[in-house]
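K.L.:
Here's my sequence, what's the structure:
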Amino acid sequence: MIIIFSSLFLLVFVGAVELMLHRSHLRKIPLRIHVNGSRGKSSITRLIAAGLNTGGISTFAKTTGSATRFIHPDGAEDVVRRNGMANISEQIRVIKNISKHHADAAVIECMAIRPYLQKIEATQIVQPHISVISNIRSDHVDVMGEKLSDIARSMLAAAPEESELFITGKTWALLHDSGFQSHEHLHIIDIDKYDLKDHLHRSEEHTSELQSH
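P.N.:
All right, here's what the predicted structure looks like:
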């Protein structure tokens, strides 16, 4: 009996120490962004990180999926190697690594699929200041739900209430139709207001101006 209690005490003690260390690592990253969604998460993660770095905010990023990468502020990439199956505990090591570099920000792509794991990853591990949901599509229906509204609610549940939440108008429509009221810090992006062709044209003009000088 004494051995059992001693083992339990040791496990609780080790867990408490690891939790304190993780919280310490989180405090060393002033801005944390968590990117979720059905499709396009990796691209959005890269774009946000690139934008922040261009603006002078030292930002590390981590993508997941078939091409898991740890991306440095200068654009250099490291392959995230795993021993065994993917596990959300990987994000703990990522947070620790980023904190060592004294970064201004971290942009982390959600790697969990199951709703309860998404929630643990976001609310317990990353604890983001900003949450992003790229889109809601019929994907992983075996664990996320067959209805788009179910998938939308699952992803919303993974966004901490205290974080700033950015979603598209289409995602908002799905949430609204399913009876969802609001998130405390909700930002709805109307993508129809942004003309990609016009943006690309202006970028090409700006590039030509720079090359002519």
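
K.L.:
Which parts of the protein are helices?
P.N.:
Remark: helices assigned in the chain by DSSP state H are 2-27, 41-54, 90-100, 115-120, 141-144, 148-157, 169-177, 196-212.

K.L.:
Contacts for the second one next, please.
P.N.:
Spelled out, that is helix 41-54. Contact partners of helix 41-54, identified using C-beta atoms under 8 Å, 6 or more residues apart in numbering, comprise 33, 35, 37, 59-65, 67, 71, 73, 75, 104-105, 107-110, 132, 134. All C-beta spots, glycine's among them, are computed from the backbone N, C-alpha and C.

K.L.:
Nearest the middle, which residue of the chain would you pick?
P.N.:
Residue closest to the mean C-alpha point of the chain, counted by C-alpha atoms, centre = their mean, is His34 at 2.1 Å.

K.L.:
What residues does it make contact with?
P.N.:
Contacts for His34 (C-beta under 8 Å, 6+ apart) come out as 108, 110, 121-122, 126, 128, 130-132, 159, 163.

K.L.:
pLDDT at His34, what is it?
P.N.:
Per-residue pLDDT puts His34 at 96.

K.L.:
for His199, same thing?
P.N.:
Note on His199: pLDDT of 47.

K.L.:
And for Gly169, nearest residue in space, chain neighbours not counted?
P.N.:
Take Gly169 and drop its neighbours on the chain: the residue closest to it by C-beta to C-beta, 6 or more residues apart in numbering is Asp190, 5.2 Å away.

K.L.:
give me the number of residues near the one you found?
P.N.:
Using other C-beta atoms under 10 Å, Asp190 has 10 neighbouring residues.

K.L.:
Please apply the same query to Gly37.
P.N.:
Gly37, neighbours per other C-beta under 10 Å, totals 21.

K.L.:
And the one 4 residues further on, by the same measure?
P.N.:
For Lys41, the number of neighbouring residues by other C-beta under 10 Å comes to 23.

K.L.:
I'd like the distance between it and Ala112.
P.N.:
Lys41 sits 11 Å away from Ala112, going by C-beta to C-beta, to the nearest Å.

K.L.:
before we move on, what about Thr64?
P.N.:
Here Thr64 is placed at a distance of 9 Å from Ala112 (C-beta to C-beta).

K.L.:
Of the helices of the chain, which shows the lowest average pLDDT?
P.N.:
Minimum mean pLDDT among those: helix 196-212, a mean of 47.
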